[in-house]
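Enquirer: structure, please.
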Amino acid sequence: TATLEAGYFGVPMVVVYKVQLLTYWLGRLLIRLNNIALINIVSEKEVVPELIQKEFKPRKAADLLKKYLSKKSNLEKREQLKQIRNKLGEGNVSAKVATYLKEFIHSIE
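Expert: Numbers count the residues shown, from 1 in each chain. As a prediction, this is how the structure comes out:
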């Protein structure tokens, strides 16, 4: 939920997930998603980069984050992230996300 909240407020980010290998493989067997970050799931595309398991390397994360230090890249990413706010709208965002996720889960069953 932190990625969705940060995205809602237009904060550029790089998402990193690294868990025990067994946990990762069990998760991959049980859940078939293209993205892990809630912001990317709600967007239905990769809006922010995800570094998962072996893809995470400190240098790679730093390089991706460094792009956001450029004013142009930062503004472009913030514009992309505005789509999240537009999609979720104002007011009771938690309820809207819950409804969206419920529909999403039922669509993949």
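Enquirer: can you tell me the element T99 falls in?
Expert: Under DSSP states H and E, the secondary-structure element containing T99 is helix 93-108.
Enquirer: do a quick rundown of the strands in this protein.
Expert: Assigned by DSSP state E, the chain shows strands spanning 15-17, 50-52.
Enquirer: would you reformat the ones you listed as a markdown table and include distance to I31 and mean neighbour count?
Expert: For the C-beta atoms, the positions are set from N, CA and C on the backbone; glycine is no exception. Rendered in a markdown table, the data for the strands of the chain read as follows (distance: least, CB to CB, whole Å; neighbours: other CB atoms under 10 Å):
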| stretch | distance to I31 | mean neighbour count |
| --- | --- | --- |
| strand 15-17 | 13 | 18 |
| strand 50-52 | 13 | 17 |
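Enquirer: save those strands as CSV, and put in mean pLDDT too.
Expert: Supplementary listing: the strands of the chain in CSV, determined by pLDDT from 0 to 100:
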stretch, mean pLDDT
strand 15-17, 92
strand 50-52, 94
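Enquirer: can you redo these as CSV with distance to K102?
Expert: Formatted as CSV, these follow (distance: least, CB to CB, whole Å):
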stretch, distance to K102
strand 15-17, 23
strand 50-52, 23
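Enquirer: so which of those strands gets nearest A37?
Expert: Taking CB to CB, strand 15-17 is the member of the strands of the chain nearest to A37, at 4.2 Å.
Enquirer: list the contacts of that closest one.
Expert: 3, 36-37, 39-40, 48-53, 56, 61 (CB atoms under 8 Å, 6 or more residues apart in numbering).
Enquirer: what's the closest of the strands of the chain to R28?
Expert: Comparing the strands of the chain under CB to CB, the one sitting nearest is strand 50-52, at 9.8 Å.
Enquirer: which strands or helices does that closest one pack on?
Expert: The contact analysis (3 or more CB pairs under 8 Å, 6 or more residues apart in numbering; DSSP states H and E) places strand 50-52 against strand 15-17, helix 58-67.
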